[in-house]
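Trainee: Need the 3D shape of this:
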Amino acid sequence: MTRLFITLILSLISLNSFAQNDTLKRVSQVTITDSKNNNMGVPLLGEKHLLIFYPDPEAASQNSHLTDYLEENQIESDSIYAFGIVNLKDAPFFPNALVRFIARQKIKKTGAQIFFDPNHAIKDGWNLGEVDDTFTIMFITKDREIAFLKRGYLTESDVKEFYKVIDKYK
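Mentor: Residues are numbered from 1 along each chain as shown. Down below sits the predicted model:
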């Protein structure tokens with residue numbers, strides 16, 4: 001009886017995970033802003049595979065072990081476009097103008113592309129769940145499917161999974 005109960009619970013967890021992943025399966029275009037606060041869509045959505053870093057400014061260093069490495073060792077692939085979209089909505093204590101200024105400095109220094117989500121367009125439009133105080137990393141395929149999504153600190157195992165996805169779509 002205990003074994004049957006455990007099997008039933010594990011089945012329900014699997015179904016719940018499938019349902020959550022299913023809601024994340026495809027993404028649609030949403031409106032974000034550039035560093036000068038001009039509205040725009042997510043760049044190259046549906047045209048290239050997208051590696052998107054979606055940090056809350058309060059958790060900007062949460063995955064620095066990976067982002068610092070990637071700044072020095074960029075992913076070389078014509079089919080993958082990587083950039084950041086800063087989650088401004090969940091950082092009420094950081095003035096948006098200051099966050100944009102810091103981002104413009106990073107753009108000049110590293111050549112990185114950084115955009116902004118001032119109103120949870122990404123979080124809500126793509127059903128990401130709770131992203132407050134997290135550094136979310138996602139990989140969206142050309143077919144607009146989420147192939148990788150991790151909120152918060154990436155463990156060594158998560159980083160290995162991340163690279164498996166990257167290698168698959170290079």
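Trainee: what sits against residue 35?
Mentor: Going by CB atoms under 8 Å, 6 or more residues apart in numbering, residue 35 touches 100, 103, 104, 107, 114, 115, 116. (Glycine included, C-beta is placed from N, CA and C.)
Trainee: rerun at 6 Å
Mentor: Residues counted as contacts of residue 35 (CB atoms under 6 Å, 6 or more residues apart in numbering) are 100, 103, 104.
Trainee: So what's the residue count around the nearest residue to it once chain neighbours are set aside?
Mentor: Once flanking residues are discounted, residue 35 sits nearest to residue 104: 5.1 Å by CB to CB, 6 or more residues apart in numbering. Residues near residue 104, counting by other CB atoms under 10 Å, number 13.
Trainee: Same check on residue 142?
Mentor: That count, for residue 142 with other CB under 10 Å as the rule, works out to 15.
Trainee: residue boundaries of the helices in the protein?
Mentor: 2-24, 64-72, 96-110, 121-125, 156-169 (DSSP state H).
Trainee: mean pLDDT for the ones you listed: which is lowest?
Mentor: Ranked by mean pLDDT, those bottom out at helix 2-24, with a mean of 37.
Trainee: partner residues bridging residue 135?
Mentor: Note on residue 135: beta-bridge partners by DSSP bridges are residue 55.
Trainee: Look at it and report its pLDDT.
Mentor: So residue 135 comes in at 96 (pLDDT).
Trainee: picking that back up, what's the closest of the contacts of residue 35 to residue 160?
Mentor: For the contacts of residue 35, the residue nearest residue 160 by CB to CB is residue 103; the value is 29.2 Å.
Trainee: show me what contacts the closest one?
Mentor: 35, 114.
Trainee: roughly how far apart are it and residue 34?
Mentor: Distance, residue 103 to residue 34, using CB to CB, to the nearest Å: 10 Å.
Trainee: which residues touch stretch 147-166?
Mentor: Identification of contacts with stretch 147-166 by CB under 6 Å, 6+ apart yields 62, 63, 66, 131, 134, 136, 137, 138, 139, 141.
Trainee: what about 7 Å?
Mentor: By CB atoms under 7 Å, 6 or more residues apart in numbering, the surrounding residues in contact with stretch 147-166 are 24, 62-63, 66, 75, 131, 134-139, 141.
Trainee: picking that back up, just put the contacts of residue 35 in CSV and tack on distance to residue 51.
Mentor: What follows is those, written out as CSV (distance: CB to CB, whole Å):
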residue, distance to residue 51
100, 22
103, 17
104, 21
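Trainee: any idea which of those residues is closest to residue 70?
Mentor: Closest to residue 70 out of those is residue 103 (16.7 Å), distances taken as CB to CB.
Trainee: isn't residue 71 right next to residue 106, touching?
Mentor: No: in this structure residue 71 lies outside contact range of residue 106 using CB atoms under 7 Å: 9.6 Å.
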